[in-house]
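Peer 1: Quick one, structure for this:
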Amino acid sequence: MFRAVLEGPSLEQYTKWHLRSFVDQNGSITWCPSPNCGNAIRGDGGECFASCACGFQLCLRCGQEAHPGVHCGLLRAWTEKCAGESENARWVVAHTKQCPNPKCSVRIEKNQGCNHMTCKSCHHHFCWVCMGPWKAHGGDAYSCNSYKDEPATVKTARTELGRYLHYNER
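Peer 2: Residues are numbered from 1 along each chain as shown. This is a model prediction of the structure:
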């Protein structure tokens with residue numbers, strides 16, 4: 001009946017929406033979540049995992065990537081934990097700096113006070129602003145006489161965060 005009324009692009013669009021509606025309402029068929037894939041995946045009987053023609057393997061219970069040997073609830077809890085740790089890592093990188101002593105590299109937070117810092121781990125004295133040795137600075141603990149704003153600092157912070165997240169997600 002619709003074929004008699006619709007033609008060309010309108011019929012194509014109707015067919016597409018009809019298929020979408022069918023898949024969305026059918027409990028045993030789901031869309032492949034892989035980017036750039038528009039295939040539908042049908043679960044076979046009591047199987048927990050299904051494979052798409054694009055190669056993506058899907059858990060039919062939770063809709064995530066196949067995770068054999070791990071219960072869906074445990075996967076969800078792990079994903080939430082990693083997301084929380086990622087937020088913590090972003091905060092640490094944004095609000096702390098590494099001790100400039102190459103033998104130490106402990107992360108240090110400055111929450112108030114002057115720029116004269118002493119690492120509690122290695123007792124290295126340095127300037128918070130330029131990260132240089134404190135001996136090279138004058139008597140004013142609230143200003144730095146050798147600070148030069150460098151975009152490399154931001155790049156270093158992003159690189160450190162990327163490295164942390166890369167190894168954290170494995």
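
Peer 1: which SS class is Asp140?
Peer 2: coil (DSSP: H, G, I helix; E, B strand; the rest coil).

Peer 1: list the contacts for Asn101?
Peer 2: Under the criterion of C-beta atoms under 8 Å, 6 or more residues apart in numbering, the contact partners of Asn101 comprise Cys119, Cys122, His124, Phe126. Backbone N, C-alpha and C define where each C-beta goes, glycine included.

Peer 1: Against which helices or strands is whichever strand or helix holds the last one packed?
Peer 2: Which is Phe126. Assessed by DSSP states H and E, Phe126 sits inside strand 125-127. Strand 125-127 is packed against strand 116-118, with contacts defined by 3 or more C-beta pairs under 8 Å, 6 or more residues apart in numbering; DSSP states H and E.

Peer 1: and Asn36, how far is that from His166?
Peer 2: When C-beta to C-beta, to the nearest Å is the yardstick, Asn36 and His166 sit 23 Å from each other.

Peer 1: Comparing those two, which residue is more hemmed in?
Peer 2: Between Asn36 and His166, His166 has the larger neighbour count (other C-beta atoms under 10 Å), namely 9 against 6.

Peer 1: Model confidence for that one, exactly?
Peer 2: Note on His166: pLDDT of 73.

Peer 1: That one belongs to a helix?
Peer 2: Yes. Residue assignment for His166, taken from three-state DSSP, places it within a helix.

Peer 1: all helices for this protein, in order.
Peer 2: If you assign secondary structure with DSSP state H, the helices in the chain sit at 2-5, 9-25, 72-95, 152-168.

Peer 1: lowest-confidence helix or strand of this structure?
Peer 2: Here the helix or strand of the chain ranked lowest by mean pLDDT, DSSP states H and E is helix 2-5, holding a mean of 60.

Peer 1: Break this protein into its domains for me.
Peer 2: Each domain of the chain is listed here as a residue range: 2-59, 94-168, per automatic domain parsing.

Peer 1: Any chance of JSON lines for the ones you listed, columns distance to Leu75?
Peer 2: Output for the domains of the chain, formatted as JSON lines (distance: least, C-beta to C-beta, whole Å):
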{"stretch": "domain 2-59", "distance to Leu75": "8"}
{"stretch": "domain 94-168", "distance to Leu75": "16"}
